[in-house]
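Engineer: Sharing a model prediction with you, sequence too.
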Amino acid sequence: MSPDVLVQERSALGSFHTTESLPVPRRRSYWREALSQTFGAVDMTVPDEVYSGTIRTAPLGRLQAVTVDGDCLSALRTRRLVAQGREDEYVVVKLLDRGVARLEQDGREAVLGPGEIFVYDMARPVRLNLPQSFRTKSLVMPRDVLGLSESDMTHVTASPLGPDTPLGGLLSPFLAGLVDGAGTYSPSTSERMARNVVDLLGVLAGEILGRSNADTPGGNRALLLRIQAFIDRHLADPDLTPQAIARAHRISLRYLHKLFESEDATVGRWIQRRRLEECRRDLAYRANGTTIAAVAHRWGFSSAAHFSRAFRATYGVAPREWRDTQGLAS
């Protein structure tokens, strides 16, 4: 396809495809090409007249977050395409945000509605039909991060988890927020979220396979990830305390502390660690344009002196030394 037809913007933060600025006769061929570039070797059927379509991608560690808005489409990945493509090492976890869908894989067929989460494996034939205007939010990930046996994987595919279930009601907004935020998280947050997606899928797999939470690697990981995302959103609030977090999530303080036992940090230490990480990044980015006290207060430290002591204890240098070093480096 010639460069003037493929309207695509790429950056280190991902890519963006849109049909909006194309003449109508060119949209269909462009849309098929953009979808194939995003999801690999599939036989893609789209309407003769494509009115609108956008694809946004962003990295999340080893994962790729993808949001697709479109009119309708049908995608078929045959055994021949599996054999000739290089996407068989990937699995897609998808949230149907708008519209309806029909998915077929591993001898199962699922009819899906808004808010449902489903999984399909690129290593085997799959058919996905979206017969009307839709929006999907996906995480595309290497199969080797899942830790699922081949047998378990064949039982997880085409087995949707609905938003009316306790776990689905928790995971649907979490997955949507994770995809929407990909590319905007700080590097440390992005890496941590990517590592924890494995546990999130363990929860999903356990629910589908009928295992109890105690039998799945993720256990209460989905709730922990939700709480960690809540902490990141409220780092600037000096009143962010374990008690406030427990109240916001309607759990006991004791249960909150239990959730953090796997993180090698208490809840309070986790909050301080995340604040220090953001302050360190801010001081480097704004090396010559802000005061130490302003950065400390921006990220929830009520005392500049306490911030300086905590920063030195964690990183081995005073905040001013770190900022001045970064200024020289730039």
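Structural biologist: It's in.
Engineer: could you dump stretch 248-260 to PDB, C-alpha only?
Structural biologist: Extracted C-alpha coordinates of stretch 248-260, given in PDB (Å, rounded to 0.1, in the frame of the first residue of the first chain):
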ATOM      1  CA  ALA A 248     -12.800   3.500  49.600                       C
ATOM      2  CA  HIS A 249     -12.800  -0.200  48.700                       C
ATOM      3  CA  ARG A 250     -15.100  -1.400  51.400                       C
ATOM      4  CA  ILE A 251     -12.600  -3.800  52.900                       C
ATOM      5  CA  SER A 252     -11.100  -4.100  56.400                       C
ATOM      6  CA  LEU A 253      -7.800  -2.600  57.200                       C
ATOM      7  CA  ARG A 254      -6.500  -6.000  58.200                       C
ATOM      8  CA  TYR A 255      -7.500  -7.400  54.800                       C
ATOM      9  CA  LEU A 256      -5.900  -4.500  53.000                       C
ATOM     10  CA  HIS A 257      -2.600  -5.200  54.700                       C
ATOM     11  CA  LYS A 258      -2.900  -8.900  53.900                       C
ATOM     12  CA  LEU A 259      -3.300  -8.100  50.200                       C
ATOM     13  CA  PHE A 260       0.100  -6.300  50.300                       C
END
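Engineer: In it, which residues are buried?
Structural biologist: Residues 251, 256, 259, 260 are the ones in stretch 248-260 that count as buried (16 or more other Cβ atoms under 10 Å). For glycine as for every other residue, the C-beta is placed from the backbone atoms N, C-alpha and C.
Engineer: quick one: which of those residues is nearest to residue 137?
Structural biologist: Nearest to residue 137, judged by Cβ to Cβ, of the buried residues of stretch 248-260 is residue 259 at 25.4 Å.
Engineer: Report the contact partners of the closest residue to the closest one other than its chain neighbours.
Structural biologist: Beyond its immediate neighbours in the sequence, the residue positioned closest to residue 259 (Cβ to Cβ, 6 or more residues apart in numbering) is residue 224, lying 4.8 Å away. For residue 224, the set of contacting residues under the criterion of Cβ atoms under 8 Å, 6 or more residues apart in numbering consists of 196, 259, 260, 262, 263.
Engineer: Of those, which is the nearest to residue 233?
Structural biologist: Taking Cβ to Cβ as the measure, residue 233 lies nearest residue 196 of the contacts of residue 224, at 16.4 Å.
Engineer: just for the protein, where's the confidence low?
Structural biologist: Scanning the chain for pLDDT under 70 picks out 1-13, 146-149, 191, 194-204, 206-207, 209-222, 286-289, 327-330.
Engineer: where does the nearest residue to residue 43 once chain neighbours are set aside fall, phi/psi-wise?
Structural biologist: Leaving aside its sequence neighbours, residue 43 sits nearest to residue 76 (Cβ to Cβ, 6+ apart; 4.4 Å). Phi and psi for residue 76, reported as degrees, to the nearest 10, are phi -130, psi 120.
Engineer: you'd agree residue 112 is up against residue 96?
Structural biologist: Yes. With contact defined as Cβ atoms under 8 Å, residue 112 reaches residue 96; the gap is 5.1 Å.
Engineer: Now do the shared contacts for these two.
Structural biologist: In terms of Cβ under 8 Å, 6+ apart, residue 112 and residue 96 are both contacted by the residues residue 118.
Engineer: what separates residue 32 from residue 70, distance-wise?
Structural biologist: From residue 32 over to residue 70 the distance is 11 Å, taken as Cβ to Cβ, to the nearest Å.
Engineer: Compute the number of surrounding residues for residue 76.
Structural biologist: Residue 76 is flanked by 15 other residues according to other Cβ atoms under 10 Å.
Engineer: Which strand residues bridge it?
Structural biologist: On the basis of DSSP bridges, residue 76 takes part in beta bridges with residue 43, residue 127.
Engineer: Can you tell me how far it is from residue 89?
Structural biologist: Residue 76 is 20 Å from residue 89, by Cβ to Cβ.
Engineer: Ok, residue 50 next?
Structural biologist: Following Cβ to Cβ, the distance that separates residue 50 from residue 89 is 30 Å.
Engineer: Compare the two and say which is more crowded by neighbours.
Structural biologist: It is residue 50, of residue 50 and residue 89, that has more neighbours when counted by other Cβ under 10 Å, with 21 against 11.
Engineer: May I ask which helix or strand encompasses residue 82?
Structural biologist: For residue 82, the enclosing helix or strand under DSSP states H and E is helix 79-84.
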